[in-house]
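K.L.:
what follows is a predicted protein model with its sequence.
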Amino acid sequence: MRLLCFLMMNIFMLSLTVISPVQAGPQDKSKFRDSPYSPHKTVYDFNYAKPGQGLRAFGYIKNHLRALEEFGDVADKSHIIIVSHGNEIHSFARENALEFPDAYARLKELTDKGVEIFVCRNSARGKGYDVDDFYDLVTLVPAGAAEIAHWQMKGYTTMYPALHPRVTKDDLQ
């Protein structure tokens, strides 16, 4: 009888260790999940207050492409689109090349990787531009909102890359 009680108690204690979750503490390190990505279908919604902010937001897309390449080798199988309909479109206009001297090179860097860049014709008109005022690397579309909805209906995920000042851990000390 004692042996039976002893065995039952050990089985019970063992079941507690198997069933109960492992408790992590504040000193335990984080994990890194490096499972591969599948191809992405993404539309980036650009609608910035300042003209140069669209060029700054290209960093989000470059990081996106880098992750797809490094963790899945699917950057070339993915489709990434920018729909621009804010004040950033000024930096995509040829006549503003002196104010945004690296704009063409930055646009080309993304389009060479397969990114498509669309500019809202309504926004362009409202800001005083004609269809042919923009770099050859962008395509004007009738309306930015309609274009985003068009791609969403085809299963694309919409991203809104917000721009904030960069704060490093050294800034916190």
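P.N.:
Arrived safely. Predicted model only: the values in this text are computed from it and were never measured.

K.L.:
all contacts plus neighbour counts: C-alpha atoms, from now on.
P.N.:
OK.

K.L.:
so where's the protein uncertain?
P.N.:
The chain contains residues with pLDDT under 70 at 1-22.

K.L.:
mind listing the helices for it?
P.N.:
With DSSP state H as the criterion, the chain has helices at 2-19, 53-70, 103-111, 121-126, 144-153.

K.L.:
could these go into JSON lines alongside mean neighbour count and distance to residue 170?
P.N.:
Listed next are those as JSON lines, based on neighbours: other Cα atoms under 10 Å; distance: least, Cα to Cα, whole Å:
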{"stretch": "helix 2-19", "mean neighbour count": "10", "distance to residue 170": "41"}
{"stretch": "helix 53-70", "mean neighbour count": "17", "distance to residue 170": "22"}
{"stretch": "helix 103-111", "mean neighbour count": "17", "distance to residue 170": "29"}
{"stretch": "helix 121-126", "mean neighbour count": "17", "distance to residue 170": "40"}
{"stretch": "helix 144-153", "mean neighbour count": "16", "distance to residue 170": "38"}
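
K.L.:
TSV for those, including distance to residue 30?
P.N.:
Formatted as TSV, those follow (distance: least, Cα to Cα, whole Å):
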stretch	distance to residue 30
helix 2-19	22
helix 53-70	19
helix 103-111	33
helix 121-126	44
helix 144-153	34
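
K.L.:
quick one, which of these is nearest to residue 136?
P.N.:
helix 103-111 (9.3 Å; Cα to Cα).

K.L.:
tell me the angle that closest one makes with helix 53-70.
P.N.:
30 degrees (axes from the mean of the first three to the mean of the last three Cα atoms, to 10 degrees).

K.L.:
so which elements touch helix 103-111?
P.N.:
When contacts are defined as 3 or more Cα pairs under 8 Å, 6 or more residues apart in numbering; DSSP states H and E, helix 103-111 packs onto helix 53-70.

K.L.:
which residues are in contact with the helix it packs on?
P.N.:
For helix 53-70, the external contacting residues (Cα atoms under 8 Å, 6 or more residues apart in numbering) are 37-39, 46, 48, 74-76, 88-89, 91, 103, 106, 110, 161-163.
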